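Undergrad: Structure for the following, please:
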Amino acid sequence: MEKLFMKGNEAIAEAAVRAGCRFFAGYPITPQNEIPEYMSKRLPQVGGVFVQGESEVASVNMVCGAAYTGTRAMTSSSGPGLSLKSEGLSSLAGAELPAVVVNIMRGGPGVGSIQAAQMDYLQATKASGHGGFRMLVY
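TA: Okay, here's the model as predicted:
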């Protein structure tokens, strides 16, 4: 197997493509910008679709639509962007639809300060939306 040297965000995106992801919708927010950038170039090479939504809300709802059709779909965000996706995540969970949501954590609380905290971790594992569902968090 060929060895590739790539950034962590690019490795996440390539792994998703190799696992069969064929739809990505996202919105730029640091520090995850390299994922949508990579997917915009890579997905067309494998017959997939990349969409940059007009917002985080639109992006997660596009992922819901793709998941409804049985397409392996993914989105990514960080901190405050993930907060905006909460309602769409609840819709995915309520309909029991699979999708990959990548949260690239910032160095501190969701707004990115330098204070020690685990806000993104707690948001992903404890309070990702409505309805009392559980998420698989890796």
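Undergrad: tell me the centre residue of the protein?
TA: With distances taken as Cα atoms, centre = their mean, the residue of the chain nearest its centroid is residue 76 (2.2 Å).
Undergrad: Next up, the contacts around that residue.
TA: 12, 24, 26, 32, 35-36, 101-104 (Cβ atoms under 8 Å, 6 or more residues apart in numbering). Glycine gets a C-beta too; all of them are placed from N, C-alpha and C.
Undergrad: Show the subsequent helix or strand relative to the helix ranked longest in the chain.
TA: Looking across the chain with DSSP state H, the single longest helix is helix 56-68. Using DSSP states H and E, the helix or strand that follows helix 56-68 in sequence is strand 73-77.
Undergrad: which SSE is the nearest residue in space to residue 67 that is not next to it in sequence in?
TA: If the residues on either side of it in the chain are set aside, residue 67 comes closest to residue 97, at 4.0 Å by Cβ to Cβ, 6 or more residues apart in numbering. Applying DSSP H and E as the criterion places residue 97 outside every helix and strand.
Undergrad: residues touching residue 97, list them.
TA: If you count contacts by Cβ under 8 Å, 6+ apart, residue 97 has them with 64, 67-68.
Undergrad: Buried ones from the residues you listed, can you make that a PyMOL selection?
TA: Here is the PyMOL command that selects the buried residues among the contacts of residue 97 (16 or more other Cβ atoms under 10 Å):
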select buried, resi 64+67
